[in-house]
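Enquirer: Everything below, folded, please.
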Amino acid sequence: MSPAKLRPITATPGAAGVSPGERPRGPDIAEWHPEDAQFWAREGSRIANRNLWISIPSLLCGFAVWLMWGIITVQMANAGFPFTPDQLFSIAAISGLSGATLRIPASFFIRLCGGRNTVWLTTVLLIIPALGTGIALQDKNTPLWVFQLMALLSGIGGGNFACSMANISTFFPKRLQGTALGLNAGLGNFGVTTSQILIPAVMTLGLFGAIGGDAIPLAKDSATLIGKIAAGTPTFVQNAGFVWLLLLVPLAVIGWFGLNNLKVVSPNTGSTGVAMGRILLMYGIALAVSGIGLYLYLPTPNGSGLLAGNGMWIVLPLVIFGTLFALKAVATGEMKTNLNKQFAIFGNKHTWSMTALYVVTFGSFIGFSMALPLSITVIFGNTHVFDPAANVWVHAKNPNAPSALMYAWIGPFVGALIRPVGGWISDKLGGSIVTQVISVVLVGASAVTGYVMHLAYQSATPESYFLAFMLLFILLFAASGIGNGSTFRTVGFVFDQDQRGPVLGWTSAVAAYGSFIAPVVIGGQIKAGTPENAMYGFAVFYAACLVLNWWFYLRKNAYIRNP
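Expert: Model prediction:
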């Protein structure tokens, strides 16, 4: 369509047109032409950026609520909640699996339900696990299954990434895809660091008075970013959940009045109530399938333990494909038609290549975010001396151990901070070239990190290797952060508007299982006494994906040269 024939954007079908520059009446926009320079300068840029800057804090809260359990469980242990370390780690694993699985239906929400409807409702739903977690943490006698249920519901925050990215991708022209998606994802990812810094801080304050409940004294010392907190100090552990309400409630109001549905992208959403009903149905299905998978994986009494341990590699495909088939089974009418259209992405070979490349970037970022605190605690929290007589390694508490809560936030902070830079560079140079460079960095840094972990785990003074360990992990986070932006740019380049959103959602769903896989793999190798093997395995995977990226997008006769 030429600029001369371009009609201005309008409100919902049947409404009167608007003059150029006039704000649309209502949340629904009937026409959208971001690739047209005149339209973009006149109206598109203003509307797209408003939706972006409402989306970013909403996504930040999603990440924060999703990943808050890594910090909450540490403080639950410090406060004397009557759970074993394995039970506490299972809570974080539940959140990781749930958040990844919910990204599968969330990747289809924008076309089926509309951007405004989706982003607003999925943000509001975060109030449930935030409020429920705060209430559960008020009493140390709260049963384990309550926390496991809240962790399952916290996965809503992980799922929200897929629909948020799919939504923003529809608002911006191709030349700005990397920057816009990098900003949304990068600043949204600050939810990881925000939770790691904010939660320990608010636990020391009675922010909510009598409504927030009584303080719980710490059972042992706790070292955090804000300093050492001595045993016996009254703490408000419940604030870890309640604090997010201070952000979520205002965002619900702002999102309701400031977000838009693009009817050209989602033409058959029906009424707002119908659209939101679809979201609740599809999220409910994914939560149910996640619950079944977790029941098979978790040990008794809250699980069967049938697929515990290495059974993880069976649970993951069962949950992924179980969710997909369940969604198709319940869909009817227009919803079924649209789902079938969305499922067309699985017949495109680039969907699978970009899935692997996104596992390299976001999978690494989120997986290392979950695994780093545990790695610091176990590898550097103990001295390691070999007893030749017994032919075993003897581990004892290290008095010079660094605190995981003081340092674990640095890597995710760097990765999130640099993520928009990756998008900006990729807009200039091409996404696949940037992905290739960071893949080389990830291969080398992973191998060297593994060697450092090997040295530390066989040392009576492991703290002497901590600086090298942290610098290498910061490099890993920085490379994965830049790579997040570059893979988004490649998706925007390779796929058309109809497939771009679903592909972004699907790839982000699979990559998010890194939050479940990385802690299990690294933790298992630490338990076996060979933590370096986990990092060597990651290096091999990165090398394979480096070849994949070259074959698909950089070689002379590549399927799609980028650039």
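Enquirer: which residue ranges form the strands in the stretch 351-500 of the chain?
Expert: 382-387, 392-397 (DSSP state E, counting those that start in this stretch).
Enquirer: gap between the first one and the chain center?
Expert: Translated: strand 382-387. Relative to the mean C-alpha coordinate of its chain, strand 382-387 is positioned 36 Å out (CA atoms, centre = their mean, to the nearest Å).
Enquirer: go on, stretch 308-322?
Expert: From the chain centre to the centre of stretch 308-322 is a distance of 19 Å (CA atoms, centre = their mean).
Enquirer: Can you point out the buried residues in that stretch?
Expert: Buried positions in stretch 308-322, judged by neighbour count with 16 or more other CB atoms under 10 Å: Met312, Val315, Leu316, Leu318, Val319, Ile320, Gly322. C-beta here means a position set from N, CA and C on the backbone, and glycine is covered the same way.
Enquirer: Nearest to Val521, out of these: which one, please.
Expert: Each of the buried residues of stretch 308-322 was checked against Val521 using CB to CB; the closest is Met312, at 8.8 Å.
Enquirer: Can you tell me the element the closest one falls in?
Expert: Applying DSSP states H and E as the criterion places Met312 in helix 312-330.
Enquirer: Could you pull up the mean pLDDT of that helix?
Expert: Summarised as a single mean, pLDDT over helix 312-330 is 89.
Enquirer: try stretch 465-479
Expert: Regarding stretch 465-479, the rounded mean pLDDT is 95.
Enquirer: Just the buried residues of that stretch, please?
Expert: In terms of neighbour count (16+ other CB under 10 Å), stretch 465-479 has its buried residues at Tyr465, Phe466, Phe469, Met470, Leu472, Phe473, Ile474, Leu475, Leu476, Phe477, Ala478, Ala479.
Enquirer: Leu60: how many residues sit nearby?
Expert: Leu60 sits with 24 neighbouring residues when counted by other CB atoms under 10 Å.
Enquirer: How far does stretch 66-84 sit from its chain's centre?
Expert: On the basis of CA atoms, centre = their mean, stretch 66-84 sits 20 Å off its chain's mean C-alpha point.
Enquirer: Just the buried positions in it, please.
Expert: Residues 66-79, 81, 83 are the ones in stretch 66-84 that count as buried (16+ other CB under 10 Å).
Enquirer: between the helix or strand harbouring Thr337 and helix 312-330, what angle do the directions make?
Expert: Following DSSP H and E, one finds Thr337 within helix 333-342. For the pair helix 333-342 and helix 312-330, the angle between their directions (axes from the mean of the first three to the mean of the last three CA atoms, to 10 degrees) equals 140 degrees.
Enquirer: could you dump helix 333-342 to CSV, C-alpha only?
Expert: As requested, C-alpha coordinates have been extracted for helix 333-342 and formatted as CSV (Å, rounded to 0.1, in the frame of the first residue of the first chain):
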residue,chain,number,x,y,z
GLY,A,333,-14.2,-23.3,16.3
GLU,A,334,-12.1,-20.2,15.7
MET,A,335,-9.7,-21.1,18.4
LYS,A,336,-8.9,-24.4,16.8
THR,A,337,-8.5,-22.8,13.4
ASN,A,338,-6.1,-20.2,14.7
LEU,A,339,-4.2,-22.9,16.7
ASN,A,340,-3.7,-24.9,13.5
LYS,A,341,-2.4,-21.8,11.7
GLN,A,342,0.0,-21.2,14.6
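Enquirer: which helices and strands does that helix pack with?
Expert: In terms of contacts (3 or more CB pairs under 8 Å, 6 or more residues apart in numbering; DSSP states H and E), helix 333-342 is packed against helix 109-113, helix 312-330.
Enquirer: Excluding sequence neighbours, find me the nearest residue to Gly483.
Expert: Thr361 (3.4 Å; CB to CB, 6 or more residues apart in numbering).
Enquirer: Assess the claim that that neighbour and Phe477 are in contact.
Expert: No. Counting by CB atoms under 8 Å, Thr361 sits too far from Phe477 to count as a contact (10.9 Å).
Enquirer: where in the chain is pLDDT low?
Expert: 1-25, 85-86, 220-227, 334, 338, 342, 497, 501, 505, 563 (pLDDT under 70).
Enquirer: hang on, the earlier thing: so of the strands of the stretch 351-500 of the chain, which one's packed in deepest?
Expert: Among the strands of the stretch 351-500 of the chain, the stretch with the highest mean neighbour count (mean count of other CB atoms under 10 Å) is strand 382-387, at a mean of 14.
Enquirer: strands paired with it, and their directions?
Expert: strand 392-397 (antiparallel) (DSSP bridges).
Enquirer: Tell me how many other residues surround Pro433.
Expert: No, residue 433 isn't Pro; it's Ile. Other residues within reach of Ile433 by the criterion other CB under 10 Å amount to 17.
Enquirer: hang on, it packs against Leu554?
Expert: Yes. With contact defined as CB under 8 Å, Ile433 reaches Leu554; the gap is 6.9 Å.
Enquirer: okay, and the common contacts of the two?
Expert: Counting by CB atoms under 8 Å, 6 or more residues apart in numbering, the common neighbours of Ile433 and Leu554 are Asn562.
Enquirer: and the helix or strand that contains Gly186, what does it pack onto?
Expert: According to DSSP H and E, Gly186 maps onto helix 177-188. Identification of packing neighbours for helix 177-188 by 3+ CB pairs under 8 Å, 6+ apart yields helix 45-67, helix 144-171, helix 410-429, helix 466-494.
Enquirer: So which elements touch the last one?
Expert: In this structure, helix 466-494 makes packing contacts with helix 144-171, helix 177-188, helix 349-358, helix 364-375, helix 410-429, helix 431-456, helix 497-512, judged by 3+ CB pairs under 8 Å, 6+ apart.
Enquirer: Reformat these as TSV; add distance to Ala544.
Expert: As requested, the helices and strands packed on helix 466-494 are arranged in TSV below (distance: least, CB to CB, whole Å):
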stretch	distance to Ala544
helix 144-171	25
helix 177-188	24
helix 349-358	8
helix 364-375	14
helix 410-429	21
helix 431-456	10
helix 497-512	16
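Enquirer: who wins for proximity to Phe208 among those helices?
Expert: Of all the helices and strands packed on helix 466-494, it is helix 144-171 that lies closest to Phe208, at 17.9 Å by CB to CB.
Enquirer: Report the inter-axis angle for the closest one versus helix 466-494.
Expert: 50 degrees.
Enquirer: Return the residues in contact with Thr204.
Expert: When the contact criterion is CB under 8 Å, 6+ apart, the partners of Thr204 are Ile226, Ile229, Thr233, Thr235, Phe236.
Enquirer: Show the buried residues in the residues you listed.
Expert: Among the contacts of Thr204, those that count as buried by neighbour count (16+ other CB under 10 Å) are Ile229, Thr233, Thr235, Phe236.
Enquirer: For Val378, state which of these is nearest.
Expert: Out of the buried ones among the contacts of Thr204, the member with the shortest distance to Val378 (by CB to CB) is Ile229, at 21.7 Å.
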